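S.K.: Just a sequence and a predicted model for now, questions to come.
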Amino acid sequence: MNFDPNNKISYKDGIYGLPFKKQDCKMVYIPVPWDVTTSYKSGTHKGPEAILKASEQIDFFDLDYKDPYLAGLHMLPIPTKIKAMNKTVRLKAEKIIAADEEKVQKSAVLKKTLAEVDKASHFVNDWVYQNSKELLKNNQIPVVVGGDHSTPFGAIKAYAENFDDFGILHIDAHSDTRVAYIGFEHSHASIMYNSMEKFKGVKKLVQVGIRDFCEDEFNYTKNHSKIDVYFDAVLSRRKNGGESFKKIAEEIVSKLPKNVYLSFDIDGLEPRFCPNTGTPVPGGIDYPEFLLLIETLIESGKKLVGFDLVEVAPSGKKDDEWDANVGMRLLYKLSAHCLYSHGHIKKHSN
């Protein structure tokens, strides 16, 4: 490979400026420009492209793994059909969002519109599932780059089918356990409810950083034997009481099964790291704390089988790519941890 990691790179050559072909990579990013059901601010559909463009600012050397990129990182082309669908179907979804549930149920036109939105979501889910399934079959690691948090549904389905003793570590400001929020079967606010109800292979869900949820969600997670929740308010009290986050991280990891999938909504972090995400919430996990949690997972010997990164949204202002910059760096670091967990790279002694 004729590539010098010390020189200036261009995203036009591939994510992180890497010249790898899909078939030569251990990890393949699946960009999903989709945010049709977002109920507050739209814009996360621009996340994959923003992360791709910001990726040319990476420095490849990693203190833990030295050169993780050598395992091969590749991003699929941003799907133009899904991008176009997002624009047209979003307009339909906005009609549902603007109406109350009773009005939707009484209107044949709105019920038809809702069905059209759900049909489009099913198309996206199946597209992600088929790509993820193919990559896993080829012993490659599929990583969904969203888009809103509905986008990894197909990937979680493929992983749950592919791994035994499988669980989800969910980092988020929101519980995402609503039932068909605003009527949408595959709402961004329903991804974890759908995963727990539809995928028998999911043995455990551990949620961390949750700080925005309704009473129904609280009761659902509290009464579900396979779900543990680490609410942000409780985490803050424990840390303010003198407990180290390392100890908390070890406790969180102990709740997880052998094979772990990380579903990471960037709004799980403090909003200063993602100010333009679709539904920011005060509070949250600090950047170093999140990395410590993942490092603790890796050190435990449990396997990080895969992950997603969703809800990154650019500001739309010229020369302001902070959200994408944070996102692409997290993507690179998580990729390194995941590649190591699969045995594709080694630790670097420093």
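M.R.: All right, it came through fine.

S.K.: how about the residue nearest to residue 214 when sequence neighbours are not counted, phi and psi?
M.R.: Nearest non-adjacent residue to residue 214, counting by Cβ to Cβ, 6 or more residues apart in numbering: residue 178, 7.0 Å away. Every residue, glycine included, has its C-beta placed from N, CA and C. When read as degrees, to the nearest 10, the backbone of residue 178 gives phi -80, psi 150.

S.K.: ok, now residue 346?
M.R.: Dihedral angles (degrees, to the nearest 10) for residue 346: phi -120, psi 160.

S.K.: returning to what we had before: my read is that the residue nearest to residue 214 contacts residue 187, right?
M.R.: Yes - Residue 178 lies in contact with residue 187 (Cβ atoms under 8 Å); the separation is 6.6 Å.

S.K.: Just want to know which of the two has more residues nearby.
M.R.: Applying other Cβ atoms under 10 Å to residue 178 and residue 187 shows that residue 187 carries more neighbours, namely 27 against 22.

S.K.: Any regions of this structure where pLDDT drops low?
M.R.: 1, 350 (pLDDT under 70).

S.K.: Okay, buried residues for the lengthiest helix in it please.
M.R.: Longest helix in the chain, counting residues (DSSP state H): helix 108-137. Residues 110, 113-114, 117-118, 120-121, 124-125, 127-129, 131-133, 135-136 are the ones in helix 108-137 that count as buried (16 or more other Cβ atoms under 10 Å).

S.K.: how far is that helix from where the chain is centred?
M.R.: 17 Å (Cα atoms, centre = their mean, to the nearest Å).

S.K.: Repeat that for stretch 197-213.
M.R.: 13 Å.

S.K.: And it, end to end?
M.R.: Using Cα to Cα, to the nearest Å, the span of stretch 197-213 from its first residue to its last is 18 Å.

S.K.: same question, stretch 136-146
M.R.: Stretch 136-146 has its terminal residues 19 Å apart, counting by Cα to Cα.

S.K.: do the same with stretch 336-349
M.R.: For stretch 336-349, the end-to-end distance is 15 Å (Cα to Cα).

S.K.: What are the buried residues along that stretch?
M.R.: So for stretch 336-349, counting by 16+ other Cβ under 10 Å, buried means 336-342, 344-345.

S.K.: So which residues of this protein form helices?
M.R.: 47-54, 80-98, 101-106, 108-137, 153-162, 191-198, 215-223, 232-240, 245-254, 287-299, 322-341.

S.K.: Can you dump the C-alpha atoms of the second one in PDB for me?
M.R.: Presented in PDB, the C-alpha positions along helix 80-98 are these (Å, rounded to 0.1, in the frame of the first residue of the first chain):
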ATOM      1  CA  THR A  80     -28.100   8.100  -2.900                       C
ATOM      2  CA  LYS A  81     -31.500   6.300  -2.900                       C
ATOM      3  CA  ILE A  82     -31.800   6.500   0.900                       C
ATOM      4  CA  LYS A  83     -30.500  10.100   0.900                       C
ATOM      5  CA  ALA A  84     -33.300  11.000  -1.600                       C
ATOM      6  CA  MET A  85     -35.900   9.000   0.300                       C
ATOM      7  CA  ASN A  86     -35.000  10.800   3.500                       C
ATOM      8  CA  LYS A  87     -35.800  14.100   1.900                       C
ATOM      9  CA  THR A  88     -39.200  13.100   0.500                       C
ATOM     10  CA  VAL A  89     -40.300  10.800   3.300                       C
ATOM     11  CA  ARG A  90     -39.300  13.400   6.000                       C
ATOM     12  CA  LEU A  91     -42.000  15.700   4.500                       C
ATOM     13  CA  LYS A  92     -44.600  13.000   5.000                       C
ATOM     14  CA  ALA A  93     -43.400  12.300   8.500                       C
ATOM     15  CA  GLU A  94     -43.700  16.000   9.500                       C
ATOM     16  CA  LYS A  95     -47.400  15.800   8.800                       C
ATOM     17  CA  ILE A  96     -47.700  13.000  11.400                       C
ATOM     18  CA  ILE A  97     -45.400  14.800  13.900                       C
ATOM     19  CA  ALA A  98     -47.600  18.000  13.600                       C
END
